[in-house]
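Peer 1: Coordinates only, no sequence provided:
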């Protein structure tokens, strides 16, 4: 039962353009969402998060959008840089449980 | 910032032996520690949640007698894979929950031969 899904296993974007990574969830009890960047054989690195009381959060080149009615969130990276190439995971949790449920991941490749 | 030290980073063991993975929170107290495993090109699957001084809570389908979790102090949690088999080969990651949010260890690559 995959409660958090990332339907695109991979994404290729040219340097300088926008990268849009998508994530869908099924559990309406989730109220806090996070995006992580991960390299092989390393732990995830936190990028940005959003609470369900908001629909947008921005931090530098990273912006996360949340559409609660659609149970959908997206991560926008602009401008994309080659160093952004990694696997990106969205994660969701319900405050009070603290358990993070991860999506299936999207491999982003940013080419020059 | 908050740091979680996880070791070993990789280990190779023979089938039937046990392997212990440690996670230490270096500059904060981790009241809750989570253990994940990741198969190649797959998601991080939550295995169990441990709170200091109490028994771990395992996710459905995870054998508690095979994956022993100990959270004896606020800075140390261990995962022991008992009687390891090749199908236990995976990438194991711990994560600590604190006021700083979630802090992940660097992971342990376990290969059972």
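Peer 2: Received, thanks. Just so it is clear, the model here is predicted, and its values are computed rather than measured.

Peer 1: going forward, measure contacts and count neighbours with C-alpha atoms only.
Peer 2: Will do.

Peer 1: can you list the residues of chain A near chain B?
Peer 2: A:41-45, A:89, A:98-105 (CA under 8 Å from any CA of the partner chain).

Peer 1: Just flag the most distant two among those residues.
Peer 2: A:41 and A:98 (24.2 Å; CA to CA).

Peer 1: could you check the distance from residue A:48 over to chain B?
Peer 2: Separation of residue A:48 from chain B (CA to the nearest CA, to the nearest Å) stands at 11 Å.

Peer 1: who's in contact with that residue?
Peer 2: A:34, A:35, A:36, A:57, A:58, A:59, A:62, A:63, A:64 (CA atoms under 8 Å, 6 or more residues apart in numbering or on different chains).

Peer 1: Just say helix, strand or coil for the residue nearest to residue A:6 when sequence neighbours are not counted.
Peer 2: Excluding its sequence neighbours, the residue lying closest to residue A:6 (CA to CA, 6 or more residues apart in numbering or on different chains) is residue A:23, at 4.7 Å. With DSSP: H, G, I helix; E, B strand; the rest coil as the basis, residue A:23 sits in strand.

Peer 1: thinking residue A:23 is in contact with residue A:73, fair?
Peer 2: Yes. Using CA atoms under 8 Å, residue A:23 makes contact with residue A:73 at a distance of 5.2 Å.

Peer 1: re earlier: hmm, which of the contacts of residue A:48 are the buried ones?
Peer 2: A:34, A:35, A:36, A:62, A:63, A:64 (16 or more other CA atoms under 10 Å in any protein chain shown).

Peer 1: Break down the chain into its strands, ranges please.
Peer 2: No chain was given, so I picked chain A. A:4-5, A:10-14, A:19-25, A:32-38, A:45-51, A:56-59, A:62-67, A:72-77, A:86-93, A:101-102, A:106-111 (DSSP state E).

Peer 1: Chain B, not that one
Peer 2: B:4-7, B:10-13, B:19-25, B:32-38, B:44-51, B:57-58, B:67-73, B:76-81, B:90-98, B:101-104, B:108-112.
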